[in-house]
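[1] here is a sequence together with a model predicted from it:
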Amino acid sequence: MNRHQIITILKGQKDLLRRFSVKKVYLFGSSARNEATDTSDVELIVEFSQNARVSLFQFARLRRELSQVLDCDVDIPWQDMRNLLSHEYLGVTAKIVWETIQTDLPAIVPRLKALLQ
């Protein structure tokens with residue numbers, strides 16, 4: 001899928017994005033450069049509305065739904081995970097941490113291995 005196709009699909013998902021309080025979506029990586037292969041994921045940066053309170057579960061659901069819509073893996077880095085753990089630690093449960101380990105960490109292992117080589 002090329003950059004134009006991805007953008008067209010995302011523009012057609014305004015209701016989905018609104019439901020998750022998404023203000024803007026930015027495409028980056030190989031898809032943005034039109035260098036994606038059949039095995040490439042789509043890398044997105046998501047900007048949420050100013051007053052949105054997006055939980056880890058909602059974030060995972062958004063990622064899953066975008067993957068279904070685009071019919072491929074979607075990678076959305078979530079910088080707020082650090083903030084959640086550092087500043088809202090009373091709201092973090094073992095279940096949230098375990099879901100993060102199971103869902104997000106496997107995606108970065110190959111990247112970390114590549115950096116170490």
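    Structure received.
[2] checking my notes, E99 in a helix, right?
    Yes: under DSSP: H, G, I helix; E, B strand; the rest coil, E99 sits within a helix.
[3] so it touches L56, yeah?
    Yes: the pair E99 and L56 passes the contact test of C-beta atoms under 8 Å, sitting 6.5 Å apart. All C-beta spots, glycine's among them, are computed from the backbone N, C-alpha and C.
[4] between the two, tell me which one has more neighbours.
    For the pair E99 and L56, the greater number of neighbours falls to L56 (21 against 14), based on other C-beta atoms under 10 Å.
[5] the nearest residue to the more buried one once chain neighbours are set aside and L105, how far apart?
    By the measure of C-beta to C-beta, 6 or more residues apart in numbering, the closest residue to L56 outside its immediate chain neighbours is I96, 5.2 Å from it. Taking C-beta to C-beta, to the nearest Å as the measure, I96 and L105 are separated by 13 Å.
[6] more neighbours: the two, which one.
    Counting neighbours by other C-beta under 10 Å for I96 and for L105 shows that I96 has the greater number, 16 against 10.
[7] immediately after the strand or helix carrying that one, which helix or strand?
    The secondary structure element spanning I96 is helix 94-103 (assigned by DSSP states H and E). Past helix 94-103, further along toward the C-terminus, the next helix or strand under DSSP H and E is helix 105-116.
[8] no more questions from me, cheers.
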